[in-house]
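**Student:** Next one to model:
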Amino acid sequence: MVLPGRPSAQTGAGISPKGPQQVIRGRPDWHLPGPAAFTGGVAASENRFDKQDVKILALASGAVILAGLVVAAVILIGTGREGSQKKVGPFPAGLASAVRSDLKDGGPYFFPDPFGGNKNMLLALENGKIVALASLLPDTKTCEVKWKGSQNAFVDCHGDKLKSTELARYASSVGQSGNLKGILLIDPRQLLPPPNPA
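**Tutor:** Sure thing, here's the model as predicted:
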């Protein structure tokens with residue numbers, strides 16, 4: 001089929017079998033006449049929301065926001081009761097052989113209180129044994145002790161150097177059986193005095 005005004009191999013430029021017609025110059029128009037291809041003849045006014053749709057959307061949005069607030073409240077209530085949720089006791093601090101290797105390679109390091117309290121500790125090696133040193137200077141409530149690698153020593157809040165044997169420590173052991181075999185266990189309930197107090 002040859003469209004009027006379109007060139008074809010049979011008829012020549014702009015000439016149809018029915019006779020000469022107007023020749024269209026420039027780019028061809030490939031749009032089809034009639035309603036737009038994807039609208040299916042839907043009137044624009046039918047795409048707008050009516051009052052009922054707005055009410056449904058508002059109610060659905062409100063329900064989603066309310067559900068989010070309920071979930072947030074449950075999470076806050078559940079995590080806000082630390083004292084009743086977390087029982088202080090011996091806790092696993094990692095595979096003892098891995099901790100020992102880390103301490104040999106990098107020196108002592110800080111280990112936060114896993115129960116969110118003020119019983120932070122410094123893990124260190126003392127005569128080849130892993131110890132969990134209290135990060136507070138003995139007989140104080142606020143003087144923090146830190147490991148200073150540049151000085152190769154423990155240093156208190158006054159800048160005084162200390163040896164590990166001058167610091168209190170939490171009871172620690174390595175699990176011997178079951179799921180805890182080979183695991184370093186630290187008990188923050190048992191604060192032991194320094195073996196060689198300053």
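**Student:** CA only for contacts and neighbour counts going forward, please
**Tutor:** Fine.
**Student:** how about stretch 131-139 as CSV, C-alpha atoms only?
**Tutor:** The C-alpha atoms that make up stretch 131-139 are tabulated as CSV, following Å, rounded to 0.1, in the frame of the first residue of the first chain:
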residue,chain,number,x,y,z
VAL,A,131,43.6,-10.8,82.1
ALA,A,132,40.6,-8.4,82.1
LEU,A,133,41.9,-5.3,83.9
ALA,A,134,39.4,-2.8,85.4
SER,A,135,39.7,0.5,83.4
LEU,A,136,39.3,2.5,86.7
LEU,A,137,42.2,3.1,88.9
PRO,A,138,41.8,1.2,92.2
ASP,A,139,40.0,3.0,95.0
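**Student:** Need the residues that contact that stretch.
**Tutor:** 119-125, 142-146, 156, 164, 167-172, 186, 191 (Cα atoms under 8 Å, 6 or more residues apart in numbering).
**Student:** how about a cut-off of 6 Å?
**Tutor:** Defining contact as Cα atoms under 6 Å, 6 or more residues apart in numbering, one finds that stretch 131-139 is touched by 120-124, 143-145, 168-170.
**Student:** could you give me the average pLDDT of stretch 94-101?
**Tutor:** What stretch 94-101 shows for mean pLDDT is 90.
**Student:** Could you report the separation of the residue nearest to the spatial centre of the chain from Gly68?
**Tutor:** Nearest to the geometric centre of the chain sits Ile75, at 16.3 Å (Cα atoms, centre = their mean). Between Ile75 and Gly68 the computed distance is 11 Å (Cα to Cα, to the nearest Å).
**Student:** can you check Met121 too?
**Tutor:** Applying Cα to Cα, one obtains 38 Å for the distance of Met121 from Gly68.
**Student:** Then Leu76?
**Tutor:** 12 Å.
**Student:** Quick check on Met121 and Gly68: which one has the bigger neighbour count.
**Tutor:** For Met121 against Gly68, the residue with the higher neighbour count under other Cα atoms under 10 Å is Met121, and the figures read 23 against 12.
**Student:** All set now, cheers.
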